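Colleague: this one's sequence-less:
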Ligand SMILES: Nc1ncnc2c1ncn2[C@@H]1O[C@H](COP(=O)(O)OP(=O)(O)OP(=O)(O)O)[C@@H](O)[C@H]1O
């Protein structure tokens, strides 16, 4: 039984095209003709009856952890054959892309002057005059449709689709048939028509994009060429992979090339000076990656001469052909103009997004005629592999750009340039035929199937049991690859393995590398650790789902700007007034003439927002710096006025970023790590091992205490001593106005007096600032985080201000090391200082308001911690009712509350007796006391005349 399942699965992995022939990795068989994405048992559970049209949504039933389906899922074994070997045996391994049917596109002058921003897609991308037409759906152009029902025929699937008021059918054959569609799914389709007028897609025509509203970056899609599973893990657990040398050099080389291109630098001495300047200005990034200037200079050397050659031959020369004409693979064109740098490109028709390194206007000789074209350029700082990953990225940019030009993405001529500069200049033109485009869309579909829920998945808001939730809401992952070397080094090994061995998904045979690596990946984790991980990932998934439903990104392309304005999420129809360079960003001032802006609704100061124009959602994004009744100021990463004409109307939309969810998932991922810091927290937080306290404190404490603790009452003094004696952690429960901040401030001074380094954190910027502002000016304090969010009185203590005088990585490191206190919010705790320093104590204020998984990040950086808060005050903000019901509001403070570890402050200085009595009746059960008679009798005299 098992055997037959194994062989059928491996048989399903035949490659279909040659696209991945240059891939370095094993997933170059990523697209398989017959592979269904779901494990076969799950497929069975969800497969559609061949003979019935299904038009009703399937009723959901909560699966019990040990249902038959689940048992079956666990039994499935997948034998992963080495995909490279399979590929070699493919009859089409060496076939070349079919470009015979490509049409040549000519450009006119206006194409080069500004973007073609014609209305490519309106509310539903295509509106036809005839409103109630049945079977009038025109799929010759890409359409966003809803699958109403589907019917399986012998070799094809019949889809009944709806787009706006239009309906129609489409037959899906070949590779497209393996997409696991359900009624209710949103797809984007372009199809051919046969002689009978019937729309169809097969292996040689059409595109079907699954759930196109979920935009995946083209970098993530090509990451899936090597390992689809890693590509999905990377999307969800981004941040586990820390900054490294190759990444840092890559960023610096990109900046240097972009500078050379925009300023037309073709002089080797000037390029060297630019590189040196860049290194000097990037000391923060070098510190993060643990690199010195000298190392960086040496690593960048091998790019400078080739960059100079590139500039001379392709950019500044007047010739219309490049160097190395003897090497026929090298590109033979000329770069006439740089149109854009880091152009943001967002394409909801293909469900893709990306950032193009440089958008160029070029001249290319073709059959002895000089042709003009606009091409994306992708710079690669690694070896000139011209791999499937590198080419694939350009193919996707090409498809997105062709849709922006209103062309057919399956056949439109596309050109792109790959630029390699390590050791020698190597410029390759990438053009491709239909098979590559189809395979990349299919690869994206496979990733999106794992990254989004399908209409048959349970609605998280209906879940009532955390065990069910943590089983049903587990991250879906593609099958693992068979590559021991890659898996051993993979930063996602533990997360990949925990899903492999502890979820209902497919498992692997005993000979698979992941079986051998199981001990290394999970040997240090107990059942409870894994259960905690899955509980919290499920809760985060519920919260994420709730957020996606309440503020959907797709409104940007499915609703008009006016409709979004009515909903209160958009400020529409703005024009650019001015653009000013502001550090690395461009401060854009937008104006709406005539109409006063509603300052209460839409993007607010300090919020992240998206800038769109009609037909082109998300042309840029950034943080809003101010909103007045007639102007919006926003810092964007690129200058929009350079590319778009002055009369362009812009819309600015609020955007609920999911980076917080991803950061929280990453924190849970780090908690699974085999390291001392993670083991310590697992023991304290998951196993709830009792914290230990020193029986005696050093004499020095007494000496310091006489001086510093005089301002504290007896309860507060006890709290300070308790915190000082904690070996693991302590809790400080402070009722309102009882002097929590005052107590913490004295504790910090005591710790610093004892030569200990302290990390101070809280949920909000204001709480961090309140604490830091109570510390003496003589203390060495640094506030991390964006200066825009820091209290004006603390600006002199911000990282930006303090590091302004550092000119070398060494000076910077010395400065960081000299700081006695570092202050940062919990979400801002991803700064490199925290991963490179072990603080003696981390103090978390407002600890009852922070999500358990958010507070983990600062705690990883300290030997012991103090949680300060009031469990009777606000819990963490959780929007999903179901997640709240299942325990997401439980803060770490609540989880660890224990009499022995907790000190409580009851004596308050803020309310007189009458108000204290009310607070006691409502929440504190007579435990809140006035600190003294003066407080109890205090009154407020108000001059009623003045009111
Ligand atoms: N031991 C003390 N003697 C005199 N006044 C004190 C003492 N401790 C705190 N206070 C005063 O009580 C007020 C409240 O103190 P603090 O802001 O530290 O309390 P908190 O518990 O942090 O308040 P909140 O409930 O707003 O978080 C302040 O005005 C502070 O100066």
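Modeller: Done, it's in. What you are looking at is a predicted structure, and each value in this text was computed from that prediction instead of being measured.
Colleague: Which helix or which strand is home to residue 668?
Modeller: Using DSSP states H and E, residue 668 sits within helix 659-671.
Colleague: Below-threshold pLDDT in the stretch 451-600 of the chain: ranges please.
Modeller: Across the stretch 451-600 of the chain, the ranges flagged by pLDDT under 70 are 504-506.
Colleague: residues of the top helix by length along the chain that come out buried?
Modeller: Ranked by residue count under DSSP state H, the longest helix found in the chain is helix 527-550. Neighbour counts using 16 or more other C-beta atoms under 10 Å place 529-530, 532-548 of helix 527-550 among the buried residues. In short, each C-beta sits where N, CA and C put it, glycine included.
Colleague: what residue ranges in the chain score low on pLDDT?
Modeller: Ranges of the chain meeting pLDDT under 70: 1-135, 242-243, 318-329, 504-506, 947.
Colleague: if we can go back for a sec, go ahead and name everything in contact with the longest helix of the chain.
Modeller: If you take C-beta atoms under 8 Å, 6 or more residues apart in numbering as the criterion, helix 527-550 is touched by 453, 460-461, 463, 466, 469-475, 498, 502-503, 522, 656, 658, 661, 664-665, 668, 671-672, 682, 685-687, 852-853, 878-880, 882-883, 886-888.
Colleague: Can you check what angle separates it from helix 659-671?
Modeller: 170 degrees (axes from the mean of the first three to the mean of the last three C-alpha atoms, to 10 degrees).
Colleague: And helix 527-550, how far out from the chain middle?
Modeller: Here helix 527-550 is found 16 Å from its chain centre; the criterion is C-alpha atoms, centre = their mean, to the nearest Å.
Colleague: can you give me the helices for the stretch 101-250 of the chain?
Modeller: 109-113, 218-226, 228-236, 245-263 (DSSP state H, counting those that start in this stretch).
Colleague: same thing with the stretch 251-400 of the chain?
Modeller: Secondary structure of the stretch 251-400 of the chain by DSSP H, counting those that start in this stretch: the helices cover 268-281, 283-289, 293-310, 388-404.
Colleague: could these go into JSON lines alongside distance to residue 573?
Modeller: Shown next, in JSON lines, are the helices of the stretch 251-400 of the chain (distance: least, C-beta to C-beta, whole Å):
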{"stretch": "helix 268-281", "distance to residue 573": "38"}
{"stretch": "helix 283-289", "distance to residue 573": "39"}
{"stretch": "helix 293-310", "distance to residue 573": "42"}
{"stretch": "helix 388-404", "distance to residue 573": "21"}
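Colleague: highest average neighbour count across those?
Modeller: Of all the helices of the stretch 251-400 of the chain, helix 388-404 carries the top mean neighbour count, a mean of 25, counting by mean count of other C-beta atoms under 10 Å.
Colleague: Can you name the next helix or strand after the helix or strand residue 749 falls within?
Modeller: Element membership of residue 749, judged by DSSP H and E, is helix 740-753. Toward the C-terminal end, the helix or strand that comes next after helix 740-753 (DSSP H and E) is strand 758-762.
Colleague: Direction included, what does that next one pair against?
Modeller: Strand 758-762 has the following strand partners under DSSP bridges: strand 821-825 (parallel), strand 839-844 (parallel).
Colleague: The ones you listed: which one's closest to the ligand?
Modeller: Among the strands paired with strand 758-762, strand 839-844 comes nearest to the ligand, with 12.6 Å by C-beta to the nearest ligand atom.
Colleague: Now tell me what touches the closest one from outside.
Modeller: 723, 744, 747-748, 751, 756-762, 771, 822, 826, 850, 855, 858-859, 861-869.
Colleague: what number of residues lie near the residue of the stretch 551-700 of the chain found nearest the ligand?
Modeller: Here the residue of the stretch 551-700 of the chain nearest the ligand is residue 697; by C-beta to the nearest ligand atom that distance is 20.8 Å. Counted with other C-beta atoms under 10 Å, residues neighbouring residue 697 total 14.
Colleague: pretty sure it is touching residue 721, no?
Modeller: Yes - counting by C-beta atoms under 8 Å, residue 697 touches residue 721, with 6.6 Å between them.
Colleague: got a list of what the residue in the stretch 251-400 of the chain positioned nearest to the ligand touches?
Modeller: Closest to the ligand within the stretch 251-400 of the chain is residue 284: 33.3 Å, counting by C-beta to the nearest ligand atom. Shown in contact with residue 284 (C-beta under 8 Å, 6+ apart): 803, 812.
Colleague: For the residue in the stretch 351-500 of the chain positioned nearest to the ligand, which residues are in contact?
Modeller: Of all residues in the stretch 351-500 of the chain, residue 466 sits closest to the ligand, at 31.7 Å by C-beta to the nearest ligand atom. Taking C-beta under 8 Å, 6+ apart, we find residue 466 in contact with 535, 538-539, 886-887.
Colleague: Buried ones among the contacts of helix 527-550?
Modeller: Using 16+ other C-beta under 10 Å, the buried ones in those are 453, 460, 463, 466, 469-475, 498, 502-503, 522, 656, 661, 664-665, 668, 671-672, 682, 685-686, 852-853, 878, 880, 882-883, 886-888.
Colleague: Just to check, residue 391 is in contact with residue 436?
Modeller: Yes - in terms of C-beta under 8 Å, residue 391 counts as a neighbour of residue 436; the distance is 7.5 Å.
Colleague: how far does stretch 167-184 sit from the chain's center?
Modeller: 30 Å.
Colleague: what about the closest residue to the ligand within the stretch 201-350 of the chain, how many neighbours?
Modeller: Minimum separation of the stretch 201-350 of the chain from the ligand (C-beta to the nearest ligand atom) falls at residue 239, amounting to 31.1 Å. Neighbourhood size, residue 239 [other C-beta under 10 Å]: 17.
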